Each structure stands twice: as structure tokens, then as C-alpha cells.
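[1] Starting from these lines, generate the structure:
(one chain, ligands or ions: 2)
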Amino acid sequence: MKNKPILNEEEKTNRTIRRKTIVSFTVLFAGFALAFGAWRWIGNQEKENEQPKLLRSVLNINEKVNNLFFSENHLAKEYPKSEAVKVARVNGDVGMGEEFNPLLWKLTVNRHHENASDTAFQLTAKDIKALPKREVIFNFKCIEGWNQITHWGGARFSDFMEKYKLGTHSGKAPDINHREDLYKYAALLTPDSAYYVGIDMKSMMHPQTLLCYELNEQPLPADQGYPLRLIITIKYGIKSLKRIGYIYFSDTPPPDYWHKQGYDYDAAL
Ligand SMILES: Nc1nc2c(c(=O)[nH]1)N[C@H]1C(S)=C(S)[C@@H](COP(=O)(O)O)O[C@H]1N2
Ligand SMILES: [Mo]
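    Ligands and ions are numbered 1, 2, ... in the order given. Purely as a prediction, here's the structure:
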């Protein structure tokens, strides 16, 4: 019977190291193989459909403009209609003075900065309602600590920009291939300019950001911004400006009412 060689401590350690090295390399190699497989799989999908299926299924959700930045993951959670509150609470009345006449209301839009006097034009509620109507039922959150599930209807801000060729330096509709052409911010103000918000362009192009004219499938109540307010699901309530009077675009952060009081400019959720 052959005697098993007796290993001294050093040899034992060397063997352990060798074994561990082999295991590590095997794992690493398996990883490479997997990654290569995945790459080949997406590549094959690409040949079949011109665009990889995985990517395409995400892109289909949104419209042209939104393809710039968004995937399904960035959407705020939506709820069934039955969970929306019947009477939404009213909060904040800055810029909501009584001297306002909704019958004379028009939305003033400046393609460029507020000081660019020759590029402003006006729209009516009818113009906004001519855009495709979208609804969103989401959990509206105020920085004061309350939240409630509310049901809103209106036009996507991205559709509005596409239709009126807004948000770009060139005056063309926002284009996926020309991000450098996009303004960095949109500014919204009440007709009396007492309440005002500045919002980054990416958030304005979000598919759930609405120029909103309905609450619970009825025209907006006066104290909730009739005839037109913003609903922006990915920000705290402070950014959802009620009673929009003016919109303009800018590359520098426009003044923001609550930011001036010391709140975070982005107010992102
Ligand atoms: N014009 C105007 N818009 C405003 C405010 C305001 O004071 N004035 N308050 C904001 C805040 S803090 C919140 S939480 C929401 C509340 O919207 P609601 O009144 O429809 O609940 O509106 C936002 N929009
Ligand atoms: Mo708020």
C-alpha cells in the first residue's frame, strides 16, 4: 500500500490557493460566456426587427419626444379610478386672486426667454383641448406632509411642445437627435405673476406631465386652477402650478416661488 504523501503546511496553503484560483477563473469565464450569450441574443433580435425587442417594447410606451429620456421605470405609480378621492383638497392660493376673469383668459407662450418680445403668442383653452387628452391617477404629494390619490385630465406637455414647436433654440419641434437644441428649463407663471415655477426640461417632457383642465372628469374647480394648471407626477405639489398664465423657456433656472423660500429647486420625488 502506497503511503499518502504527507503535506506540510506550506504545500497545503499552495494547493488551497491553486484551487481558489481555478474556481475564480471558472466563475469569471462563465460570466463572460453569459454576457456574450446575452449580447448575441439581443443582436439576433436586432436582425429580426431592426431594433432590439427589449428596447423596442419600452420605446413603444411613449411617444417620439419622450423617447429622448424615458423608460417605463420612470413613471409614477397609477391607481384605479375607484381609489381617487371624490373631493380633492385645495392647498395654496398664491396668484389665485379674485380679479381674474376666466372668460378673458389666454395662455401666453414665449418660444424663447421671457424678454424675447417678438416670439410670444397666445392660445385658448380650445387649442389645448385639441391636443390628445390624457388622464393620470396618482398619489399627489405636498411637502407639508399630506398626500392623496387624485384623477386629472389634460394634454401632455410633450405633445404641446411638439405641436407648437416649443422648447428648442431652433424653433423646431424637440428632436431625439438634437438634445443640444433643447432649452434646459421651462418657466410657468400665474397671470398675475405672483406664483411661478421653474422646471427642468426632462421633467416637462415626462409622459405624465400634463397641461391639465379636468379633475375627476369635470372641468377644474376655480380654486384648483381653472382653466389650466400643471400636473407633474414626479415632483412635489409645489411645482404643479395652478392657473397658468405664462410659459417661457430658458437655459438658466427660472425664478421659483418656493425655492425663494428656501425649498429644494427640483422638488423631485
Ligand atoms: N397658483 C398656485 N399654484 C399652486 C399653489 C399656489 O399657492 N398657487 N400651491 C401649490 C401647492 S403647495 C400644492 S400642494 C398644490 C395643491 O393643489 P390643489 O390645491 O389642487 O390640492 O398646488 C400648487 N400650485
Ligand atoms: Mo404643497
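[2] Centre-most residue in this protein?
    Closest residue to the average C-alpha location of the chain: residue 206 at 3.1 Å, with CA atoms, centre = their mean.
[3] Give me the pLDDT for that one.
    Each residue has a pLDDT score; the one for residue 206 is 94.
[4] Likewise for residue 47?
    40.
[5] swap in residue 254?
    The predicted local confidence for residue 254 is 98.
[6] Kindly confirm my reading that it forms part of a strand.
    No: going by DSSP: H, G, I helix; E, B strand; the rest coil, the assignment for residue 254 is coil, not a strand.
[7] Contacts only, for the closest residue to residue 123 other than its chain neighbours.
    Residue nearest to residue 123 in three dimensions, not counting chain neighbours: residue 107, with 4.6 Å by CB to CB, 6 or more residues apart in numbering. From N, CA and C alone the C-beta is placed, and that goes for glycine too. Listed by CB atoms under 8 Å, 6 or more residues apart in numbering, the contact partners of residue 107 are 122, 123, 124, 127, 128, 228, 244, 245, 246, 247.
[8] Spatially nearest residue to the residue in the stretch 151-269 of the chain that ligand 1 sits nearest to, not counting backbone neighbours?
    With CB to the nearest ligand atom as the measure, residue 237 is the residue of the stretch 151-269 of the chain nearest to ligand 1, at 2.6 Å. Spatial nearest neighbour of residue 237, excluding adjacent residues (CB to CB, 6+ apart): residue 142 at 4.2 Å.
[9] any idea of the pLDDT on that neighbour?
    96.
[10] That one reaches residue 90, doesn't it?
    No: contact criterion CB atoms under 8 Å: residue 142 and residue 90 do not qualify, at 11.2 Å.
[11] returning to what we had before: please list all residues in contact with the residue nearest to residue 237.
    Residue 142 makes contacts with 91, 236, 237, 238, as judged by CB under 8 Å, 6+ apart.
[12] Around the first one, count how many other residues there are.
    A count of nearby residues for residue 91, using other CB atoms under 10 Å, gives 14.
[13] Could you find the closest non-adjacent residue to it?
    In space, residue 91 is closest to residue 142, 5.9 Å off (CB to CB, 6+ apart).
[14] all helices for this protein, in order.
    Along the chain, the stretches classed as helices by DSSP state H are 9-49, 53-59, 125-129, 157-164, 201-204, 257-260.
[15] For those, which has the smallest mean pLDDT value?
    Here the lowest mean pLDDT among the helices of the chain goes to helix 53-59, at a mean of 42.
[16] show me what contacts the closest residue to ligand 2 within the stretch 151-269 of the chain?
    With CB to the ion, the shortest gap between the stretch 151-269 of the chain and ligand 2 falls at residue 237, namely 3.7 Å. Under the criterion of CB under 8 Å, 6+ apart, the contact list for residue 237 reads 91, 92, 140, 141, 142, 143.
[17] All set now, cheers.
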